[in-house]
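[1] Sequence first, then the predicted structure:
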Amino acid sequence: MKANTNNMHIAVSGNIGSGKTTLATLLAKHYKWTAQYEDADNNPYLNDFYEDMQRWSFNLQVFFLNSRFQQVIDIRKNKKTTIQDRTIYEDANIFAPNLHSMGLMTTRDFDNYIGLFNLMQSLVQPPDLLIYLRASIPTLVEQIQKRGREYEKAIRLDYLQRLNERYEAWTTKYTEAHTNSRLLIVNIDDNKFSEKKEDLGKIIRKIDAELNGLFKK
């Protein structure tokens, strides 16, 4: 039985290659939700970033921050339930700190970025439900290779591993930091939702349970 959702914000989070866009598309079709996707193909910095991370890291992160901030504003204005591909929180809690710690973003740029994020964060609300797609490095690499994006061929394994570690740390404290949001974790190593309808069905049943719980608050 489908949850009777209306005017809610659902978000899918996860590392590069975890299947966020695919799941968001499938869930939007199933629930008849509006979908908001990460603006990767139209990002003017993405190709340059993977070729020279240190030079373009700040530009890339500011582009994504601005794009996702606008998405959240639009989602909350919209009277329809929307599912979002990646959240504004991942940029500030995972990607930008990771670049800074790897020496790929200067402290000056990082501090500037965090200042922008803190301002934007004060003006938006977290999603009603966050779906985190947990995946091992071999699974991520397999799915990245399968989709065959040219600019992703340069992604380093240590970069993916560091992101995974930060995702785990972030999701561990997510509900404590965002008490009005629910968290659903899906292990992608054990769930091939893009290939098996029964695996997608498992996710849908878990989402229904979470959403029905939201209505009981």
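    Arrived safely.
[2] pLDDT weak spots in this protein?
    By pLDDT under 70, the low-scoring segments of the chain are 1-5, 40-41, 214-217.
[3] Would you state the strands of it in chain order?
    9-14, 34-36, 82-85, 129-134, 182-187 (DSSP state E).
[4] residues contacting the closest residue to E152 other than its chain neighbours?
    Excluding the flanking residues, the one nearest E152 by Cβ to Cβ, 6 or more residues apart in numbering is I144, at 5.3 Å. Placement of C-beta: from N, CA and C, glycine included. By Cβ atoms under 8 Å, 6 or more residues apart in numbering, the contact set of I144 is 16-17, 152, 155.
[5] picking up where we left off before, among the strands of the chain, which comes closest to L163?
    strand 9-14 (9.6 Å; Cβ to Cβ).
[6] and that closest one, what does it pack onto?
    helix 20-31, helix 53-77, strand 82-85, strand 129-134, helix 157-172 (3 or more Cβ pairs under 8 Å, 6 or more residues apart in numbering; DSSP states H and E).
[7] Walk me through which strands that strand pairs with, and which way each runs.
    strand 82-85 (parallel), strand 129-134 (parallel) (DSSP bridges).
[8] Serialize the ones you listed to TSV and add fields for mean neighbour count.
    What follows is the strands paired with strand 9-14, written out as TSV (neighbours: other Cβ atoms under 10 Å):
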stretch	mean neighbour count
strand 82-85	24
strand 129-134	23
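[9] Put together TSV for those strands, with distance to N187 on each row.
    Listed next are those as TSV, based on distance: least, Cβ to Cβ, whole Å:
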stretch	distance to N187
strand 82-85	19
strand 129-134	5
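[10] right, and those - which one's nearest A28?
    That would be strand 82-85 among the strands paired with strand 9-14, by Cβ to Cβ, at 5.4 Å.
[11] what's in contact with that closest one?
    Against strand 82-85 from outside (Cβ under 8 Å, 6+ apart): 8-12, 20-21, 24, 27-28, 31, 33-38, 68, 71-72, 75, 127.
[12] So the closest residue to L133 other than its chain neighbours versus N47, what's the distance?
    Counting by Cβ to Cβ, 6+ apart, L133 lies nearest to G14, which is 3.4 Å off, once chain neighbours are set aside. Counting by Cβ to Cβ, to the nearest Å, the gap from G14 to N47 is 22 Å.
[13] The two: which is more packed in?
    Legend: neighbour count by other Cβ atoms under 10 Å for G14 and N47, higher for G14 (25 against 13).
[14] Show the contacting residues for the more buried one.
    Contacts of G14 (Cβ under 8 Å, 6+ apart): 20, 86, 132-135, 167, 188.
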